[in-house]
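Student: The following comprises the amino acid sequence and a computationally predicted model.
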Amino acid sequence: MKYLNHLLLLVLLLVGFLLKEHIHISTNLLSLFASKESVEKLSIANHLGYSKEMLIAVKGFSKESKQNVREITKKLQSLQDIEFVQFTLTPSQDIAEYYKKYYPLLASFQAKKLTKKEVQKQLQTLYDKQLHSVFYTSIDKNDPLKLFHLELTKSATLKHKGNMIVLGEYGYLIRVQTNIPPSEMGRAKRLYDEVQSIIKVFPDTVAFAPFFYTVENSAAFKSDVQWIAILSSIVLILIYFLLLRNIKLLVETLVTLFSSMVFAALFATTFFDNFNVLSLAFGMSLTAVSIDYLLHYYFHNFYESKKRVDKNVLYGFLTTLSAFGVFSFIPIPIISQISFFALFSLSYAYVVFSFVFPYLGIKSYTRTTEVQSASSGKKISALSLFFISLILFSYSAFHFKLDANIRNLDYQNLSLKSAEKLFKDNSKSSLSPVIVEAPSKELLIENLHILKHSVSKSFSLASFVLDKKTCEQKRDALKQYNFTQLRAYIEDASLKVGFRDAYFKDAYKFAEKKQEYKLPNLNIFQSFSLSAYNDGKRWYSIALVDDAQKAQTLPFVTDINVKAMFDKSTQQMYKKLVLFGSFVLVIIFVLLLVSVRKKILYALNYILFPVALSLAVLTTLGSINIMHLFSLIILVAIGIDYGIYMSNSKKPTHTMLAIKYSLLSTFAAFGVLIFSSIVALNSIGMVITIGCVAIYILIKVMR
Amino acid sequence: MLKAFFLFFLFLSALYAQSYSFTELRYSDAIGKSMQLDGEITFKKEGLEIKYPKSKRVLDYDGEEISFFEDGNLVELPSEQISNMMHYFDILKLLHEGDENELKSRFIIKKLNEKTLLYPTNNLKYYIEHIELLKKNSTLKNIKLFLKNNDSITINITNEIS
């Protein structure tokens, strides 16, 4: 029985090993925050090359800069994960062929009926230009009167000097399309290293791609987490070894926590198709809340007593379980996943701490010198603290500001941010990307044309490809025009003017042919960042528009502005959180009423005051982010236990001591995150630290 | 449209010179006749200037805009003509800086005795059949452009002014 705890861990690890093929952990953080539809649309956008673009700027417009552009381009082209590299505006051969093939339909046609006299006048002007103009004027024998005009479409997003793409006044620009999927960290890191090694030998060259953040920030994240883990371990060792002087308790606790995490991870990854790594990390942290149960048992010498159940711990556990039970149904993936994980990990920990630990031969707690009188000093009534909490809530409500920008949670990578700013500030485009979809390729083009006419400025495949209606109109216009008569006028007049005999014998015959139009391969426009993607069911393309809001009113348009998506889903998330949070508070209130009866206000303060104080401090310091909100849930889970323990305690001094050690453990697990430079971790640390301070104040001053 | 383009070739062999005089002989297949123009071209820091002294016509490109003067008066040119000319003037300017790599990226270059033949590989191939350069004593003396519509333009470099 002495090794039961270790044995259980071994069994869990064995099960984990056997099931390893079925365990899938998602690293796609987006799926946790954005709606399913938004995630799908962003995935489609990635297929269309959105966010896979890399930009490299070479400072200046000198001959040397130009040479550097060419050399960098050559080196980039040899890399495995590069789709194409572009530094000029020259249309591809495919586009030129497309223009040539469908010239009569793509070119604008001036269908004015000309008289014999007008034709002669125009030809005379043309003749004179040949002899007297300082500009060489090319005569097109197929279209001498220039009835057709084809304006080549220019990129809406790229500036240029001559034929070379430039980044404003900064220098030359190289546009690179990579094929790095957002989730493939290994490939992203390899490409990042390759690109950095290429550009480092060229002075004044800056590169930026969205995936650079993933690569650079994960390195920063790793080093940050490493030293925080060391700090956390030091604090835990200090508590258990120096203060409690019970190393066995430390080892058994760590084994139990680890087993709880493995147990919950096995269930969670089986139940959820895409259980996320962030939910796993948070769930693992929440498991540390179970230390409360252990410390309560330990300081009340539960393991030496003959009791099988400690009612206070059981009530605390059940109330926490109910809260997470409700939260596991919330339609916000990250909270439901964390809550689900917590349900299983806390249950496992409770069972082991309650029913296995008594058989492990842990030395009982004997030092009593630290136990202080619970009744010393001035005390504040529970009712007063309840009102103070309400005041703090009201203050927070007035100053509440939600930070919906998920990017703000990341490591603040100033050098990369300044590189991104350089590209943004010098960028020409004020157009926003949207996704347009349709059941077929033909309808996709129709929809793109509808969008083109719905907004005042846009750039999409509709800038190049004709829709059915325009095509028909052009065909009709050409069919109705009497080119035979015009050719007769031209032939007659050209001889009179002085042109060579029969020089214009084929004039406008190209326009008389039957005009067939077939949609081209839409991916030939990739140099304009335009393409089409078919997921097997529907066709999609990206369009750039000046008014994404207006465009979105069309049923086939979706805004893929990531910030807007997160803003929208965070707002929805907040509403759902308020709804479920209220429901959870009611359940907690009822369960507390059952377990603590008359001392309900006293117990409730252990939830309300820490949350209210945290919110008041956070709203004073700035805005509230999503990590703050998640951390408040952890705070609620901790508060429930302490509220019940303190309300029902027959030995308040022992309970207070248990809570103090428990607070220290919680600080070791979460509070140390306050020292992190990563905003997400710092936010958790901040809330938990304030919460711990608030609980400490409560155990000291509340009566 | 192509005028600006071919004028550049005047300077292939003397990239750092600034002003040149030239004679341009154009053959128009449509009328079966030729015309001759004499002119001077000057490269400036940001652009270029072409003068036709006999007809008192000046073409000035400042890197941003093209202005055409006849007898000292500004004459408005059709926008299509301007945009085409600017496009080729930029190429001209870039190549005047001695960018041989750019040239190689746009033409297939063949040598035939004293002649160098350039075959366009990009969209110029829709207008230009090929270009013939003639060098004497390592100095470019003659350029011939053979266009797709059977027109041809011959440039004779007469001397370097400065």
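Tutor: Structure received.

Student: Pretty sure residue A:220 sits against residue A:415.
Tutor: No - between residue A:220 and residue A:415 there is no contact under Cβ atoms under 8 Å: 11.1 Å. In this view, the C-beta of every residue, glycine as well, is placed from N, C-alpha and C.

Student: of these two, who's got more company?
Tutor: Set residue A:220 next to residue A:415 and count neighbours by other Cβ atoms under 10 Å in any protein chain shown: residue A:220 wins out with 15 against 8.

Student: helix or strand right after the helix or strand where that one lies?
Tutor: Under the criterion of DSSP states H and E, residue A:220 resides in helix A:210-237. Next helix or strand after helix A:210-237 toward the C-terminus (DSSP H and E): helix A:247-271.

Student: Output the contacting helices and strands for the helix or strand following that following helix.
Tutor: Downstream of helix A:247-271, the first helix or strand assigned by DSSP H and E is strand A:275-276. Judged by 3 or more Cβ pairs under 8 Å, 6 or more residues apart in numbering or on different chains; DSSP states H and E, the packing partners of strand A:275-276 are strand A:25-26, helix A:333-351.

Student: which of these sits most buried?
Tutor: helix A:333-351 (a mean of 24; mean count of other Cβ atoms under 10 Å in any protein chain shown).

Student: what angle separates it from helix A:247-271?
Tutor: If you take axes from the mean of the first three to the mean of the last three Cα atoms, to 10 degrees, helix A:333-351 sits at 140 degrees to helix A:247-271.

Student: Now do helix A:333-351: distance to the chain's middle.
Tutor: Centroid displacement of helix A:333-351 relative to its chain, using Cα atoms, centre = their mean, to the nearest Å, is 25 Å.

Student: what's the answer for stretch A:575-585, then?
Tutor: That offset, for stretch A:575-585, works out to 24 Å (Cα atoms, centre = their mean).

Student: before we move on, what about stretch A:677-689?
Tutor: The answer for stretch A:677-689 is 19 Å, by Cα atoms, centre = their mean.

Student: Would you mind checking which helix or strand in the chain has the lowest mean pLDDT?
Tutor: You didn't pick a chain, so chain A it is. helix A:30-33 (a mean of 66; mean pLDDT, DSSP states H and E).

Student: CA atoms only for stretch A:481-498 - export them in CSV, please.
Tutor: Provided in CSV are the C-alpha atoms of stretch A:481-498 (Å, rounded to 0.1, in the frame of the first residue of the first chain):
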residue,chain,number,x,y,z
TYR,A,481,-20.9,46.2,-85.5
ASN,A,482,-20.5,46.3,-89.2
PHE,A,483,-16.7,45.6,-89.5
THR,A,484,-17.1,44.5,-93.2
GLN,A,485,-18.3,48.0,-94.1
LEU,A,486,-15.6,49.6,-92.0
ARG,A,487,-12.9,47.6,-93.6
ALA,A,488,-14.2,48.6,-97.1
TYR,A,489,-14.0,52.3,-96.0
ILE,A,490,-10.5,51.8,-94.6
GLU,A,491,-9.2,50.1,-97.8
ASP,A,492,-10.6,52.8,-100.0
ALA,A,493,-9.4,55.7,-97.8
SER,A,494,-6.0,54.2,-97.1
LEU,A,495,-5.2,54.2,-100.9
LYS,A,496,-6.3,57.8,-101.3
VAL,A,497,-4.2,58.9,-98.3
GLY,A,498,-1.1,57.1,-99.5
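
Student: low-confidence ranges in the chain?
Tutor: Picking chain A for this. Within chain A, the ranges that satisfy pLDDT under 70 run A:27-36, A:156, A:162, A:182-183, A:366-377, A:406-407, A:410, A:428-429, A:562-563.

Student: That was the other one, I meant chain B.
Tutor: B:1-18, B:43, B:45-46, B:63-64, B:79-81, B:83-100, B:102, B:123, B:138-140, B:159-162.

Student: If anything else comes up later, I'll come back, but that's it for now.
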